[in-house]
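>>> Give me coordinates for this.
(2 chains)
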Amino acid sequence: MAQPKPLEITVNSIFFFFCHLLGVTREQFEAINDSKVMHHLVFRAIAIVLGTIAFGAAVFAFASGLLHYSLISAFTFATVSSSVLFLIERNNIMETIATGQASSKAMVTRVGVISMMCGAAVALAIYAMKDDIDARIAEQTRQTLTQLGSDPRYAVPLAAAEDTLAQAIKNTARQSELLAKLNQLDAAYAKAKESEVNECQGNTTPDGVKRIAYCGSRARAHKAEAERIDQERVAVGREMTALSNSASLAASAGSNLNALNEKMNAEAVRLNKGAGAQLSALYDLFWDNSAVAVILGFYLALSLLPEILVWSALAKPGIHEPVLKRMHQVETMVNNNRLDVLAESKRDHFTKDLPLRHVHVPHVVKAAVSSPGADQTPDGSAAPNESAAANDTDTSRRAA
Amino acid sequence: MSTACAPMIEQLLAKNHIELARLEAICRSLSRHGVPTSELPQSNTLVAIAMLGDYARSQVEERLRNHWHDLIEKGLVHGDLTKHTTPHLRLLLTVQPATQGLAALRQRMESGASRAAPQEVFRCASVVSDLMWGQPVRLDYQIDQADYLLIVPSRAFRRLPVLIHTGNGAGHGNIELPGDEGEVVFAVMASDGQLYRHTTVFELRDADLLNRSMA
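Reported below is the predicted structural model:
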């Protein structure tokens, strides 16, 4: 036995799949029998499928690229919104097929979808020019930072922190100077004390001169010098003690300044973050660079391509009246058939429990034969006689 | 003959026997669709068709392909030509000439039979009343001096119309229908070419009528 060609079955199944998307039943599909109508239906179904997929992709791009959704959230968002759109489009297309022209509701839907597709085109353009937009946003962030520097909220504490830090740095430098001076004083004090001892004890000095052991004027001069140096040491020590917290003061002032700067940076970043900043940056780039206009135009055209397809499907004339009528007839027939099958099933359920009723051939009544017109029913049959005969011969009627 | 071949021969004979039974059933069905018994193959021809099996199937298909749509419209076959067995196709090819006028005949009988059938030609009950819904009914009829009888039950019975070639002889028969609210139209073509009509009305009891409407 010859096998059916698989290719034919596949193409037919694909056609039926697309027609079924538009609510065409198997029976209606088989009754269409018009290749032009079939191609119109398939074209419409493909148009709404592609339009829906493109819309889902656009929503995904918009949600993930511009609204910064996570990939899973963006995918869920896109799936749900495209499913809803598919149902709306399907309903609109079915109405268009039935009435022959697109309804105002369908047109409003299309305008809404086209607006959203334009938004998605902008999102795609932003994604494509990410580096340029990031650079523009960084520049805007720097400008914002400068503006925040003169903001009273930050200017006063910033100036105070800077002054404190400058003072702390100055103190630290002074402390270093005092330390060096104290070392010098220590050395001078030790030398004066040594000279005093050498004079009083008659020691040989480093220059090789043997001193006379006598605490005279020279020894007293050395002693007075030592006392003066010591007093100077005490004064330097006091000043150093006063400056002893300069290091911690500098550290504190530095950390305060850092905190203020971080706060300003965070605010500047916050003010230049999100979809608004990206759109603003794209707007600036659009007026600064003509290449941006070309890229944006390309993405707009690309996003509107599926919309042109769906618009074309909506604008197509309805199915020819005879075919539509035949489809309705088939639908009615199928529905009636289903009801009949249900009724038959219920009727057959009773049949097995009921006795057979045998209706025999009625006897020939001579009078009726001789004057057939006398007691005939409107359709010409001798109904009363035959009916009576049938009742007479009914042998299996159940007593009711 | 080798004894080893015996099972194969028996298998072949059994297969042919089954095929022959199927062909006989198809012949009865064709007869109910108006194909004259005289035009149906004789039993030895049926045996030959059964024994030929799938021999030269492609040629049979090729010859029958042009008539296939016509046979479907007459209700003699349904589905794709390739899904039927070769003996079935060969039988249809044999009777195809006899089926050529059936569609026109049936249409003529459906539309042209308006006069009431005289009792000499056709007799059957006109009303079957007080029926229970679903109760099986066997309706007898008597036919005489007629060539063809077309029986058209209304849609409620969910039974297909039947065209019977009576062969210009006296005879009787019956049809079995489930009890329902409807009618059966008998269109009779008498031997002289006259068309007659008889209608049997089926009436349910009131209680069953209510049951039916609620179903």
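
>>> Now do the same for residue 178: its pLDDT.
As the question left the chain open, I've gone with chain A. Residue A:178 is assigned 89 on the pLDDT scale.

>>> nope, chain B
pLDDT at residue B:178 comes out at 88.

>>> To what extent is it buried, counted in neighbours?
23 (other C-beta atoms under 10 Å in any protein chain shown). Every C-beta, even on glycine, is put in place using the N, C-alpha and C of the backbone.

>>> How about it: which residues does it bridge to?
residue B:136 (DSSP bridges).

>>> quick one, phi/psi of residue B:40?
Backbone torsions for residue B:40, taken as degrees, to the nearest 10, come to phi -80, psi 150.

>>> Help me confirm that it comes into contact with residue B:97.
No - the pair residue B:40 / residue B:97 is not scored as a contact, 12.0 Å apart, by C-beta atoms under 8 Å.

>>> Which segments of chain A make up each domain?
A:9-128+A:289-329, A:148-275, A:357-400 (automatic domain parsing).

>>> Run the chain-centre distance for the longest one.
Averaging C-alpha coordinates over domain A:9-128+A:289-329 and over its chain gives two centres that are 21 Å apart (C-alpha atoms, centre = their mean, to the nearest Å).

>>> tell me which residues of stretch A:333-349 are tucked away?
Neighbour counts using 16 or more other C-beta atoms under 10 Å in any protein chain shown place A:343-344, A:347 of stretch A:333-349 among the buried residues.

>>> thinking again about what came up before, between residue B:40 and residue B:97, which has more neighbouring residues?
Ranked by neighbour count (other C-beta under 10 Å), residue B:40 and residue B:97 place residue B:40 first, with 22 against 10.

>>> quick revisit: could you point out which of the domains of chain A sits nearest residue B:85?
domain A:9-128+A:289-329 (21.6 Å; C-beta to C-beta).

>>> Which single residue in chain B comes nearest to chain A?
Relative to chain A, the nearest point of chain B is residue B:116 (2.8 Å; C-beta to the nearest C-beta).

>>> Can you verify my assumption that that residue contacts residue B:198?
Yes - using C-beta under 8 Å, residue B:116 is in contact with residue B:198, at 6.9 Å.

>>> of those two, who's got more company?
The neighbour comparison of residue B:116 against residue B:198 (other C-beta under 10 Å) goes to residue B:198, with 28 against 21.

>>> The more buried one should be in a strand, yeah?
Yes - under DSSP: H, G, I helix; E, B strand; the rest coil, residue B:198 falls within a strand.

>>> If it is in a bridge, with which residues?
residue B:186.

>>> Can you name the residues that contact it?
A:381, B:116-117, B:122, B:124, B:126, B:185-186, B:188 (C-beta atoms under 8 Å, 6 or more residues apart in numbering or on different chains).

>>> what does the domain assignment say about chain B?
B:3-100, B:107-214.

>>> So which of those is the most surrounded?
Of all those, domain B:107-214 carries the top mean neighbour count, a mean of 19, counting by mean count of other C-beta atoms under 10 Å in any protein chain shown.

>>> Look up the closest residue to residue B:32, ignoring the ones flanking it.
residue B:162 (5.0 Å; C-beta to C-beta, 6 or more residues apart in numbering or on different chains).

>>> correct me, but the one you found touches residue B:150?
Yes - under the criterion of C-beta under 8 Å, residue B:162 makes contact with residue B:150 at 7.3 Å.

>>> What is the biggest helix by length in chain B packed up against?
Longest helix of chain B, by residue count under DSSP state H: helix B:6-32. Applying 3 or more C-beta pairs under 8 Å, 6 or more residues apart in numbering or on different chains; DSSP states H and E, one finds that helix B:6-32 makes contact with helix B:43-52, helix B:86-99, strand B:162-165.

>>> and the first one, what's its mean pLDDT?
Model confidence over helix B:43-52 averages 88 on the pLDDT scale.

>>> For the host helix or strand of residue A:260, which residues meet the burial criterion?
Following DSSP states H and E, one finds residue A:260 within helix A:246-271. For helix A:246-271, the neighbour count (16+ other C-beta under 10 Å) marks A:246, A:249-250, A:253, A:256-257, A:260, A:264, A:267-268, A:271 as buried.

>>> ok, now stretch A:131-142?
Result for stretch A:131-142 [16+ other C-beta under 10 Å]: buried residues A:132-133, A:136-137, A:140-141.

>>> Off-centre distance for the biggest helix by length in chain A?
Counting by DSSP H, the longest helix found in chain A is helix A:152-201. Chain-centre distance of helix A:152-201: 63 Å, with C-alpha atoms, centre = their mean.

>>> No further queries at this time; thank you.
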